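Engineer: return atomic coordinates for the entry below.
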Amino acid sequence: MRSRPTLDRRAKSHSSYFIYMAHRVSGLLLACFLPVHFFLLSQSLYGADEFDRYLKLTDFWIIKVGEWGLVTLLTIHLIGGVRLLIIEFGTWRGLRKGWTQAAIVMSILSGILFLALAN
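Structural biologist: As a prediction, this is how the structure comes out:
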């Protein structure tokens, strides 16, 4: 029986590993969000009053924090996906750490921009 390959501990401390894990986790969390989103959208089929009843939930602060988290997750997942496309189809030399840091900063800035424009 073959033994499982082991991951070098140094790889987990690399900034690209953080982006890899963020892309994976954000994808899983977005997959959990989608059924709830589709359920809420389906309420519009029952009329405007039913849909408005669910839209009033967005006035609560916890929902606003969740919306911020959603926008941030979408940005993280988008940037992680673009990173994967560059790795697969482009040249990925030299600026790895810079790209990773830029991805983290862009994700945080998109969340802050969403908070600023949401009001």
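Engineer: the residue positioned nearest the centre of the chain and S107, how far apart?
Structural biologist: Compute the mean C-alpha point of the chain, and by C-alpha atoms, centre = their mean the closest residue is L73, 2.0 Å away. In this view, L73 and S107 are 9 Å apart by C-beta to C-beta, to the nearest Å. Just so you know, the C-beta spots here come from the backbone N, C-alpha and C atoms, and that holds for glycine as well.
Engineer: list the contacts for W68?
Structural biologist: With contacts defined as C-beta atoms under 8 Å, 6 or more residues apart in numbering, W68 is in contact with G111, F114, L115, A118.
Engineer: hang on, T75 packs against S107?
Structural biologist: Yes: using C-beta atoms under 8 Å, T75 is in contact with S107, at 4.5 Å.
Engineer: looking at those two, which is more packed in?
Structural biologist: For T75 and S107, the more surrounded residue by other C-beta atoms under 10 Å is S107, and the numbers stand at 23 against 20.
Engineer: tell me the pLDDT of F51.
Structural biologist: Listed pLDDT for F51 reads 83.
Engineer: surely it meets S44?
Structural biologist: Yes: contact criterion C-beta under 8 Å: F51 and S44 qualify, at 4.2 Å.
Engineer: and whichever strand or helix holds F39, what does it pack against?
Structural biologist: If you go by DSSP states H and E, F39 is part of helix 15-42. Helices and strands touching helix 15-42, as assessed by 3 or more C-beta pairs under 8 Å, 6 or more residues apart in numbering; DSSP states H and E, comprise helix 61-89, helix 96-118.
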